[in-house]
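Asks: Below are the sequence and a predicted model for it; my questions follow.
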Amino acid sequence: MLGFVPRGFRKAQHELCSSCLQVIVDTPTSPVTSGLPLFFVITVTAIKQGYEDWLRHRADNEVNKSNVFVIENAKQVQKESEKIKVGDIVEVKADETFPCDLIFLASSSTDGTCYVTTASLDGESNFKTHYAVRDTTVLCTDEAIDSLTATIECEQPQPDLYKFVGRIIMYRSNQEPVARSLGPENLLLKGATLKNTKKIYGVAVYTGMETKMALNYQGKSQKRSAVEKSINAFLIVYLCILLSKATVCTTLKYVWQSNPFNDEPWYNEKTKKERETFKVLRMFTDFLSFMVLFNFIIPVSMYVTVEMQKFLGSFFISWDKEMYDEEIKEGALVNTSDLNEELGQVEFVFTDKTGTLTENSMEFIECCIDGHKYKDCISEVDGFSQTDGPLKYYGKAEKSREELFLRALCLCHTVRIKQADQVDGLIGHPECKNTYISSSPDEIALVKGAEKYGFTFLGLENDFMKIRNQKNETEMYQLLHTLNFDPVRRRMSVIVRTTTGKLLLFCKGADSSIFPRVQQEEIQQTKVHVDRNAMDGYRTLCVAFKELTQKEYDRIDRQLNEAKMALQDREEKMAKVFEDTEADMHLIGATAVEDRLQEQSAETIEALHAAGMKVWVLTGDKMETAKSTCYACRLFQTSTELLELTARVVGESERKEDRLHELLMDYHKRLIQDVPKPRGSLKRSWTLSQEYGLIIDGSTLSLILNPSQDSSSSHYKSIFLQICLKCTAVLCCRMAPLQKAQVFPLYSPLTEQMLFMSCVLADSWVCYLFVSCSSAHITPTETPGFAAVSDNAMLQWRPFLYWTFLGAFEGLVFFFGVYFLFHNSSLEDNGKVFGNWTFGTIVFTVLVFTVTLKLALDTRFWTWMNHFVIWGSLAFYVFFSFFWGGVIWPFLKQQRMYFVFAHMLTSVSTWLAIILLIFISLFPEILLIVLKSIKERSHQVRNKMKYCTAFLQRPLLLSTR
């Protein structure tokens, strides 16, 4: 109620002012004239906004009023989720959503793990593994968890979903307090769902508006569409016209009244009160009277039409059968109707690769060990391996190296096993396989790949990882530390201890992250395979290891524990320890996994291009892998000329910024300076003789966004932006998440004129309109990088000025056409003369028919609803005019319109005038349509002639049998 009422009054504030002025000042119009439209606008807006607010309120109540169980005095107490307080211990069961941000204490699993999905938070549908605090995993009953006495110290609430710093201090009788570090792996976020775990216990740490989910939604202003913003800007122009008209009329009135005879004629003498009124006050009230008289220039009905179109259009989106998902049995959901029309005006689409263009379902394809390729199952007799590159013989790696590589695949991951369900009375089949669970499909694919080659991961139990080797023997490895993957390092590692006491570090990651940290003489034989696999479109990872001494491990263990317990700068301290630990390793080999394209992803990209949209793909993958995927999904065509801004072409030398400057200026000249500007067409067009695509990597993008101070690179951003605007597709590879986020601000000066859409994947394509606020951004007009913005802005104002002048022309035609008609003193055969009410009725009739027929001329796609609304509107106007003027209404004091419309139509001159004025008003529009049609046909003929000429000029190829 408090939300939509101000919004309704905001849209109707002009009519509200007009109604108030009509009550205060003496005006020739009734307050009802503005009061009824005011009431209608507020009512329609209130119903629309109220309905949408009610839907949101109902959805909020479903969450806030849901019942949860809190442990109090060793018993379960049922509460509403909104009443949970910080420090409450909450029990959550399988498939339930976490009601607040919880520190994970214990679960039904003996190893203190649980699995969650965060699809409602970040779109990721994969299971994520979370870990309970080590010392509380045994507290898996109501009585046990209620006996816990502890203090939690953590950072202030902040919106980053993947960051959490804290520690828990546990107090036990007759013992020293025990402190443990808390990180993101211990935090269960509100909105996430518990999966494959019977129940968990957690303590509330952030509740209400302090949860990370709530913080990500705070501070978001109400989104307004570009159409609404344009309407508001245009209304300012009309308001200025209204003020100008009122000022001119007020001035002319007092100029005319400067003659005493005109000021006070004998038949209309002033009253004493009028003579004593202060002249400035009289001028002000006259100004307000003219404002009220001319207030019709503000199109209030347009707001109602736009609001109703948005509201009803949202239902059509929900009813669209082609947007219905059979798997989840749900259709499209419109959260707000304020941005419906934006969907048809999107110019740029930003999308990730993995999970959006591809299925995010990985399959192990092959691997290489010491330069030897393995693509089939390993046999004890001989290995199915072959060698690429400079080696001239076929063979395989040493047996010990093969086993070391496969053990690395079985140990270096965060995969967990979901035990197969047990059925009473049945004995588990020996061939029954367990289900692997991980937040990364790559890890599952690698574990399955190792299993295909004879090494099977059996799970983690009491900090010991179990694997079964090719001889069907079980091996045990104590998991000492996991150095988790992060997008900056692009790698992850584990430190394990064998049963013989040997300490090993296994590491896997991107080639750009692993190669600088291994012995350089080991790289070349593996790099050949990595590059070939990347060009085939496979995702590649390199695997390395090193053996640690006890002294080295003790130092690493101490540094890791100190960094984990830090409440300040924990991430920086952890990163430094990781960097020191993952050094001087030995390269073993590499893997290749395939991520298949989404169904109809290529057709979708082609449809976006056909609609004139430019697609950006932002990915962290290797350039060759991403490039191959872009060709497969038809983002790049075989005829597309690719422009490359990568470390390979820019180089790594000291003069790389000079080289980047040369490339930018060369591309700018080729795409912008040497291409003639299109003429005449205001629509999107792909008429360039050559399509261009751009490939840029993360390091080069950083150079563009953050250039050095001593380089002549002040215009890097603007030049780069101009190049991107001329490319049909852009691929950004080797991108860190932070760099992906920096791409959108790059376009902030354009967001007032251009619309963006970002695409993410949960279980199907879900598109979120990206609307960025640029009200605080100031761009100098002389900046060369934004010529496209000014052109686009001019295109918006051209139609506005065209329609404004066309409206002025038609208004003059309406008025003076009828005015000249009335020069004839008698318009009827009986000699009777029409009056002012007939004059106004003729003008209004011509107006209604002209505007409605203009709408018909501008309609490009006809449906039964178009016909019903357009022709029905004309029929309703005629019927209502007869009905309103044909009955004496008892509630009206004066009925000046009585029988006016019917009497008007008895005159043949009036019929001819109405038809002639409608034709004259529509003639410019009809002429413009005819000229456009002729131009388009001639353009098509020229294109066909060019095609035929080019076809005939091709050399004729003859073949003989």
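Replies: Received the coordinates, thanks.
Asks: Name the nearest residue to residue 465, sequence neighbours excluded.
Replies: Sequence neighbours aside, residue 477 is the residue nearest to residue 465 in space, at 4.7 Å (criterion: CB to CB, 6 or more residues apart in numbering). The way it works is simple: take the backbone N, C-alpha and C, and place the C-beta from them, glycine included.
Asks: Now do the contacts for the one you found.
Replies: By CB atoms under 8 Å, 6 or more residues apart in numbering, the residues touching residue 477 are 411, 464-467, 496-499.
Asks: can you do 10 Å?
Replies: 407, 410-411, 460, 463-467, 494, 496-499, 502, 504, 506 (CB atoms under 10 Å, 6 or more residues apart in numbering).
Asks: And those residues, which of them are buried?
Replies: Listed as buried from the contacts of residue 477 are 407, 410-411, 460, 465-467, 494, 496-497, 504, 506; burial here means 16 or more other CB atoms under 10 Å.
Asks: Checking residue 103 next. Helix, strand or coil?
Replies: strand (DSSP: H, G, I helix; E, B strand; the rest coil).
Asks: beta partners for it?
Replies: residue 187, residue 203 (DSSP bridges).
Asks: Neighbours of it, how many?
Replies: Residues near residue 103, counting by other CB atoms under 10 Å, number 24.
Asks: same check, this time on residue 189
Replies: Residues lying near residue 189 (other CB under 10 Å) number 24.
Asks: distance between stretch 283-301 and the chain's centre?
Replies: With CA atoms, centre = their mean, to the nearest Å as the basis, stretch 283-301 stands 42 Å off its chain's centre.
Asks: ends of it, how far apart?
Replies: 31 Å (CA to CA, to the nearest Å).
Asks: quick one: average pLDDT of it?
Replies: Averaging pLDDT along stretch 283-301 gives 81.
Asks: For that stretch, buried residues please.
Replies: Residues of stretch 283-301 classed as buried: 285-293, 295, 298, 300 (neighbour count, 16+ other CB under 10 Å).
Asks: about what we covered before: just checking: the least confident one among the buried ones among the contacts of residue 477 is which?
Replies: The member of the buried ones among the contacts of residue 477 with the lowest pLDDT is residue 460, at 87.
Asks: Distance from the helix or strand where that one lies to the middle of the chain?
Replies: Assigned by DSSP states H and E, residue 460 belongs to strand 456-461. On the basis of CA atoms, centre = their mean, strand 456-461 sits 40 Å off its chain's mean C-alpha point.
Asks: I'd like the next helix or strand past that strand.
Replies: Sequence-wise, the next helix or strand beyond strand 456-461 is strand 464-468, with elements assigned using DSSP H and E.
Asks: For that next one, name the packing helices and strands.
Replies: Here strand 464-468 is seen to pack against helix 399-411, helix 441-452, strand 456-461, strand 474-486, strand 491-497 when contacts are counted using 3 or more CB pairs under 10 Å, 6 or more residues apart in numbering; DSSP states H and E.
Asks: Out of those, flag the one nearest residue 592.
Replies: For those, proximity to residue 592 was assessed by CB to CB; helix 441-452 is nearest, at 9.4 Å.
Asks: so for the closest one, what's the average pLDDT?
Replies: Mean pLDDT, helix 441-452: 91.
Asks: got the angle between that helix and strand 456-461?
Replies: Counting by axes from the mean of the first three to the mean of the last three CA atoms, to 10 degrees, helix 441-452 lies at 120 degrees to strand 456-461.
Asks: for helix 441-452, which positions count as buried?
Replies: The neighbour-count check on helix 441-452 (16+ other CB under 10 Å) flags 441-451 as buried.
Asks: what does stretch 253-272 give?
Replies: Within stretch 253-272, the residues scored as buried using 16+ other CB under 10 Å are residue 253.
Asks: And for stretch 151-170?
Replies: Within stretch 151-170, the residues scored as buried using 16+ other CB under 10 Å are 154, 157, 161, 164-168, 170.
Asks: Looking at these, which is nearest residue 239?
Replies: residue 157 (43.9 Å).
Asks: residue boundaries of the strands in the stretch 101-250 of the chain?
Replies: All strands of the stretch 101-250 of the chain, identified by DSSP state E, counting those that start in this stretch, fall at 101-107, 113-118, 124-131, 150-154, 166-170, 178-182, 187-188, 193-195, 199-206.
Asks: Lowest mean pLDDT across those, which one is that?
Replies: Least confidently modelled of those is strand 124-131, at a mean of 82 by mean pLDDT.
Asks: how much does that strand deviate in direction from strand 474-486?
Replies: Angle, strand 124-131 to strand 474-486, by the same axes, to 10 degrees: 120 degrees.
Asks: buried stuff in strand 124-131?
Replies: Neighbour-count burial for strand 124-131 flags 124, 126-131 (criterion: 16+ other CB under 10 Å).
Asks: any low-confidence regions in the stretch 401-550 of the chain?
Replies: 419-434 (pLDDT under 70).
Asks: so how far is residue 583 from residue 200?
Replies: As judged by CB to CB, to the nearest Å, residue 200 and residue 583 stand 38 Å apart.
Asks: Between these two, point out the one with more neighbours.
Replies: Set residue 200 next to residue 583 and count neighbours by other CB under 10 Å: residue 200 wins out with 28 against 11.
Asks: Report the spatially nearest residue to that one, omitting neighbours in sequence.
Replies: Using CB to CB, 6+ apart and skipping the chain neighbours, the partner closest in space to residue 200 is residue 107 (4.3 Å).
Asks: So the one you found sits against residue 113, correct?
Replies: Yes - with contact defined as CB atoms under 10 Å, residue 107 reaches residue 113; the gap is 6.7 Å.
Asks: Put the alpha carbons of stretch 470-477 into PDB.
Replies: What follows is stretch 470-477, C-alpha atoms only, in PDB (Å, rounded to 0.1, in the frame of the first residue of the first chain):
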ATOM      1  CA  GLN A 470      44.700 -51.500 -11.000                       C
ATOM      2  CA  LYS A 471      45.600 -54.500  -8.900                       C
ATOM      3  CA  ASN A 472      42.300 -54.200  -7.000                       C
ATOM      4  CA  GLU A 473      44.200 -53.100  -3.800                       C
ATOM      5  CA  THR A 474      43.000 -50.400  -1.500                       C
ATOM      6  CA  GLU A 475      45.400 -47.600  -0.800                       C
ATOM      7  CA  MET A 476      45.000 -45.100   2.000                       C
ATOM      8  CA  TYR A 477      46.200 -41.500   2.000                       C
END
